[in-house]
Structures are given as structure tokens and as C-alpha cells.
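**Q** here is the input, now give the coordinates:
(chains A and B)
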Amino acid sequence: MSQAPVVRLQNVTKVIGKRTIIDRVSFEVRPGEVFGFLGPNGSGKTTTIRMIVGLMGLTAGDIHIADHSIKTEYPQAIVHVGAIVENPEMYKFLTGYQNLLHYARMIPSVTEERIQEVIELVGLQGRIHDKVKKYSLGMRQRLGVAQAIMHRPKLLVLDEPTNGLDPAGIRELRDYLRKLAQDEGTAVLVSSHLLSEMELMCDRVAILQKGQIIDIRSIRGQAAEGENVALEEVQFDVDHPDAALGILEGQGDGRIEGGILTLSSDRKGIAVVNRRLVEAGINVYGIRVKTKSLEDQFLEVTGSETIG
Amino acid sequence: MANFINLILNENMKIYRRIRTWIMFGFILLIPPLVSLAIYLAGGDDMSGWSIMMTESYILYSLITIFAVVVAADSVAGEFTWGTIKLLLIRPWSRSTILLSKYLATLLFALFFTAAAFVVTFLSNWLIFGLGDTTLSTSGLSNWEYIIRFYLFQFITLIMIVTFGFTMSSAFRSGGLAIGLSISFLFAGNLITGLFALANKGWVKYVLFMHLDLTNYIDGGTGPIPNHPTTLGFSLAVLAVYFILFNAVSWTVFKKRDVAA
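**A** You can find the predicted model right below:
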């Protein structure tokens, strides 16, 4: 499988009136990768996604999908994309099947068998001939997924995909996206403001604030070169925290939280600290790495007040 | 090309899978026989089927124009209201092709309703009154020629109004506004024609509204403006200029605008 990026954004900029909504955003998503797009409301997630799928024009920069520019070769680029932009809006007066047929007719590669296949895949076979107005939000979401994956896109774009799904539905979607990325090498781009959700779903996350990417980081500890490897919070359960803190004077940001000695350290540092404590005669009962959740990291880089 | 037909099939599905469309169709099917029957029962049993057919065709044309405007307005603005435009546009088709499929599907709808109106008005009056020996034309046209010209000229008017509705629909993305403006366009047209016809200025013959009613030409008349004789060719040329203008606006707006809703 080629590792050339499926989608490549280069200095994408959007100016509306005098306001710069999106400011020189660049990133790539590779095949088989689930890439998260995280940011508070109004940070430009949806605008960026709309530019990727061609619903909005670019003021500057370019977007390539499977090496076709969205600006000059739109049909060749977009044929590789499946998407749900915001809510999966469907024609309510048509049945689920007619909705799928509608989109299938627009892409030559989708056969009758493939439509049946995706219907079974999303588990709608029992209700597919009902009108969409009788569907629950979860069923519409499934139908949305069906139309997005019908033509086996190289890039799947999902804007706030877990909106309105129940916990079981969210889990199912998450498992399905991971499977799609692993088995079919689909590149998946998801946006969300639900941090914990992104943490479970994504390989890499870009954090967007006020139209700019302020950080791109790997989740799942597979940090690529040039990306942030955060120091982790480490808790040492010791018998004399105050004494321990004195011993570690001058070593990082050691402090006592609830009777537990806490400091930031990387893997190597933990061993060093532990040796120094033991050598000084302090009993260490436990060492726990307090993994920073994405939420903590997110708040750290965006500042807490901006969360929508 | 087979692919483009798929786009038309899609638009047709969105028109004919709605109950609304068949209620409209019901009006077309029911009004002529009911009106004819009422006239017959009211003592008009010696009337000619041809003249009643003309009257009913007039009524039905206003209805078909309104229906076609509703379909045109929904065709573009509806997609924005429903939010489905987002999923419709992210397919390997240019926006202009998608818009063309919508435009053609709307005209096909109007054509289908017009054909139905023709058949229904003819059949119900033929059966109720018989054809009689009235002549509609004052210039020696046969009744068939007269009626067919009438339908043809009215269809040209309908195309203009539907095109206008389509333009409003893509410009404002609001179905209600597009329908409202097009219908006032249709009815204000008659008033404005009357007023402008009084003005003794040369430029009135370039005003679109003056050429919306072409029926004056059926019998070889000198056009809709009493003081300024025009030919059918001239009227059609004026309409063509506006037609191109409206479509240029629709296409430019639909192609360029960001879908942000």
C-alpha cells in the first residue's frame, strides 16, 4: 500500500469579508489513518471540512485528494471522498433505499449488489424501504454512513459523526471506522469537540483554534518525528513526601498533591527519581504514571475558557 | 451521456415521489371535466367544445405555471432548506451539470402537465359538448392549428416564468421568496403591460413584461403593444435576451457561492 497522503492541505486560507476564518492550515492524512480534527466551536473545523469536500471555495492555498487538486480537477478529486457534513440530512419523503439509489446513480462504480452490501453492513436491511421521515436519528446516521462508504472512498470525512448517537452507536461507529482504516486502508478524517471520543478513535489529532492549527499530535504513543512527546505526570507514593520533595530539590516541578509526590517526567527520569529516593532511605510504595488525557492536553493548548 | 440521464432520473424521483405532485396532477385531471359539466348543467349544452377547451386551457395554464414555479423553487432552494445540498454537491459532477439536470427536470414536469392538460381538456369537451363547427381563428387557421399555437405560445411564457423562478431560487435559496416573486411576476405582468402600453415611448417594447403574452400573434396580430407594432420574431428575441440573462445569473450564483448553511 502506498503511503502517499490521501489528502494534503497546503496553506489553506479562507477569508470572508475582512475576517480570516482559516489561516494557512496545512496537514496530511495517510492511508489507513484515523485523523482527528479537534477544536472548540467556531474554531473553523466545519469550514475546513467544507473546503476539503468543495462546498466552500479557498481564498488561498490548495487541497489535493489522491493527487488531484480540488480547485482544478474537482470531479476526479471528489470521487475518492465519502462524507457526512454535519447532520446526515436525507430526503425525508423518499425511502432509505431511494436515498441510497439517488447517490449511487451519481457515481458509476456503485452497483446494485454494492448497495445491498452496504445496507447489510450498516444493519438497515429491515427498515430500508421505510420512508426516512420515520427513521430515528441513529438510523439516519447509519444511512448517512451507508451513502458515504458506498463507493469505497479513499478518504472518509465525518463532521461530528457521534452527534445524536447513543453510547452503543458511538462504540459501533468507532469500531467500524477503525476496521475500515485497518482493513481497507481508508483514510478517515473526523472532526469533533468531544475530546474523549477523539482519544478513543484517532491515531493523530490536529488541534485547531481561531482558524489556525496550533498543534498536531499522535495519540496511542506512536509519536512520529517532529511531533510533541509530552512529559507525563508521575505520582510517587512514598512514606515521607515532604522529605522526598526536599531530596528532589531542583529536579523539575515536584510538588505534593493529596499526600502524593507528583512531578513531570519522561520514562528515563522516573528511574532516576526512584533511585535517588531509595538511596536517601525513603520507602517507595508505588509509582504511577498519570496519563494525561487528551482533554488535559487540549485545555493546556487552547486555554479552558474557549471550550464551547 | 447515460450518466447525465441518471441525474435527471434523480430529479424526477424527487419530484414524482412526493404526494404533493400527484395532488397537483389531480387538479389538472379534475378541473376540466368538472367545469365542462357545470357549464353543461347550467344550460350551456349548445356551446362548442372548442371554445370551452380554450377557456379551460387558459385556467389550467395559470395553474401549471404556478405548479412549475413551485417545483422550480423547491428544486434548488429546497435542497438548501433540507440540507441535502451538501450531500448532492459532493459527487463527481460539476455544479453546473447538477443545476442543468434540475432545470431540465422542471421543464419536463411542465411539459408533462401541459400534455395532460391538452388531452384532458380536449377529451372532456369533446365528450360533453362535441366539437361543433365554431372557428376560433379570425384568420383562417383550423381549430387544431389555433389550439396548438396557443399551447406553444403559452409554453414559451411558462418557460420564462419558470426560468425566473429558478433564478430567484438559486439567488435567494428561499423557496417561498422564489414562488412569491415569480407569481407576482406572472400577474403583475398583465398590469404593467396595460400601463406601459399607454406610454408612448419607444423603449417599452424592450420591457420583458410586454412580451409575456404572445397569444396576440396567433392570428397574425401586431403584437401585445397597441402603439408599437412588433413581430413574433422581435418578441422572441426580447424574451431570448432575458432568458439568457436569467440563466446566466442562476448559473453564476449556483457555481460560485459557498455552501455554508
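**Q** interface residues of the stretch 101-250 of chain B facing chain A?
**A** Contact residues, the stretch 101-250 of chain B versus chain A (CB under 8 Å from any CB of the partner chain): none. Using the backbone N, CA and C atoms, a C-beta is placed for each residue, glycine as well.
**Q** closest residue of the stretch 101-250 of chain B to chain A?
**A** Residue nearest to chain A within the stretch 101-250 of chain B: B:Ser101 (10.0 Å; CB to the nearest CB).
**Q** in the chain, which spans are helices?
**A** Defaulting to chain A. A:45-52, A:74-78, A:96-104, A:112-121, A:137-149, A:167-184, A:195-201, A:241-247, A:267-279, A:294-302 (DSSP state H).
**Q** chain B was what I was after
**A** Taking DSSP H, the helices of chain B run over residues B:2-16, B:19-41, B:49-73, B:79-82, B:85-89, B:95-129, B:143-172, B:175-198, B:232-256.
**Q** list the buried residues of the first one.
**A** This points to helix B:2-16. Neighbour counts over helix B:2-16 (16 or more other CB atoms under 10 Å in any protein chain shown) mark B:6-8, B:10-15 as buried.
**Q** and it with chain A, contact?
**A** Yes: for helix B:2-16, a contact with chain A is found by CB under 8 Å from any CB, at B:3, B:6-7, B:9-10, B:13-14.
**Q** got the angle for that helix vs helix B:95-129?
**A** Put simply, helix B:2-16 runs at 50 degrees to helix B:95-129, going by axes from the mean of the first three to the mean of the last three CA atoms, to 10 degrees.
**Q** equivalent analysis for the third one, please.
**A** Compare the direction of helix B:49-73 with that of helix B:95-129 by the same axes, to 10 degrees and you get 160 degrees.
**Q** just to revisit the earlier point, got the buried residues of helix B:2-16 as a markdown table, with pLDDT columns?
**A** Shown next, in a markdown table, are these (pLDDT from 0 to 100):
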| residue | pLDDT |
| --- | --- |
| B:Asn6 | 94 |
| B:Leu7 | 95 |
| B:Ile8 | 96 |
| B:Asn10 | 96 |
| B:Glu11 | 97 |
| B:Asn12 | 97 |
| B:Met13 | 97 |
| B:Lys14 | 96 |
| B:Ile15 | 96 |
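**Q** spatially nearest residue to whichever residue of the stretch 51-200 of chain B sits closest to chain A (excluding sequence neighbours)?
**A** Using CB to the nearest CB, the closest approach of the stretch 51-200 of chain B to chain A is made by B:Gly83 at 3.4 Å. Excluding its sequence neighbours, the residue lying closest to B:Gly83 (CB to CB, 6 or more residues apart in numbering or on different chains) is A:Glu89, at 3.4 Å.
**Q** torsion angles phi and psi at that neighbour?
**A** Backbone torsions for A:Glu89, taken as degrees, to the nearest 10, come to phi -80, psi 130.
**Q** ok, the most centrally placed residue in chain B - contacts?
**A** Centroid-nearest residue in chain B, with CA atoms, centre = their mean: B:Leu158, separated by 2.1 Å. Neighbouring residues of B:Leu158 by CB atoms under 8 Å, 6 or more residues apart in numbering or on different chains: B:61, B:64-65, B:68, B:110, B:114.
**Q** where does pLDDT dip in the chain?
**A** Just going to use chain A. Applying pLDDT under 70 to chain A flags residues A:1-2, A:220-231, A:250-252, A:291-308.
**Q** my question was about chain B
**A** Low-confidence segments of chain B (pLDDT under 70): B:1-2, B:261.
**Q** wait, doesn't A:Asp237 sit right on A:Asn283?
**A** No: A:Asp237 is beyond contact range of A:Asn283, at 9.3 Å (criterion: CB atoms under 8 Å).
**Q** between those two, who's got more neighbours?
**A** The neighbour comparison of A:Asp237 against A:Asn283 (other CB atoms under 10 Å in any protein chain shown) goes to A:Asp237, with 14 against 11.
**Q** so what's the more buried one up against?
**A** Residues in contact with A:Asp237 (CB under 8 Å, 6+ apart) are A:260-261, A:284-288.
**Q** need the buried ones from the residues you listed selected in ChimeraX.
**A** For the buried members of these, the matching ChimeraX selection, counting by 16+ other CB under 10 Å, is:
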select /A:261,287
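**Q** closest to B:Thr134 among the contacts of A:Asp237?
**A** A:Arg288 (101.5 Å; CB to CB).
**Q** nearest to chain B within the stretch 201-308 of chain A, name that residue for me.
**A** Closest to chain B within the stretch 201-308 of chain A is A:Gly211: 14.9 Å, counting by CB to the nearest CB.
**Q** now that residue. Its backbone dihedrals?
**A** Per-residue torsions, A:Gly211: phi 80, psi 0 (degrees, to the nearest 10).
**Q** how near is it to B:Leu214?
**A** According to CB to CB, to the nearest Å, A:Gly211 and B:Leu214 sit 55 Å apart.
**Q** ditto for B:Tyr242
**A** Taking CB to CB, one finds B:Tyr242 at 14 Å from B:Leu214.
**Q** those two - which one has more neighbours?
**A** Between B:Tyr242 and B:Leu214, counted using other CB under 10 Å, the more crowded position is B:Leu214 (22 against 18).
**Q** how about the more buried one, what does it touch?
**A** Contact analysis of B:Leu214 by CB under 8 Å, 6+ apart lists B:153-154, B:156-157, B:224, B:232, B:235.
**Q** got it, and B:Met168?
**A** Counting by CB under 8 Å, 6+ apart, B:Met168 makes contact with B:73, B:177-178, B:181-182.
**Q** need the buried ones from these selected in ChimeraX.
**A** Here is the ChimeraX command that selects the buried residues among the contacts of B:Met168 (16+ other CB under 10 Å):
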select /B:73,178,181,182
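**Q** dump the contacts of B:Met168 to TSV, plus distance to A:Arg19.
**A** TSV is the format used below for the contacts of B:Met168 (distance: CB to CB, whole Å):
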residue	distance to A:Arg19
B:Ala73	32
B:Leu177	27
B:Ala178	30
B:Leu181	31
B:Ser182	35
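**Q** between the contacts of B:Met168, which sits nearest A:Gly246?
**A** For these, the closest approach to A:Gly246 (CB to CB) belongs to B:Leu177, at 75.7 Å.
**Q** without its sequence neighbours, what residue ends up closest to the closest one?
**A** B:Met168 is the one closest to B:Leu177 (CB to CB, 6+ apart), at 6.5 Å.
**Q** same deal with A:Asp242?
**A** Using CB to CB, 6+ apart and skipping the chain neighbours, the partner closest in space to A:Asp242 is A:Ile256 (7.1 Å).
**Q** burial check on the one you found, number of neighbours?
**A** Neighbours of A:Ile256 under the rule other CB under 10 Å: 14.
**Q** so how far is A:Ile170 from A:Met198?
**A** Counting by CB to CB - A:Met198 and A:Ile170 are separated by 12 Å.
**Q** most neighbours per residue, which of the helices of chain A?
**A** Of all these, helix A:45-52 has the most neighbours on average by mean count of other CB atoms under 10 Å in any protein chain shown, namely a mean of 24.
**Q** in terms of secondary structure, what does that helix contact?
**A** Judged by 3 or more CB pairs under 8 Å, 6 or more residues apart in numbering or on different chains; DSSP states H and E, helix A:45-52 is in contact with strand A:7-16, strand A:19-29, strand A:34-38, strand A:60-65, strand A:155-159, strand A:187-192.
**Q** at 10 Å instead, please
**A** With contacts taken as 3 or more CB pairs under 10 Å, 6 or more residues apart in numbering or on different chains; DSSP states H and E, helix A:45-52 sits against strand A:7-16, strand A:19-29, strand A:34-38, strand A:60-65, strand A:81-84, strand A:155-159, strand A:187-192, strand A:204-209.
**Q** looking at those, which is nearest to chain B?
**A** Chain B sits nearest to strand A:81-84 of all the helices and strands packed on helix A:45-52, at 5.6 Å, using CB to the nearest CB.
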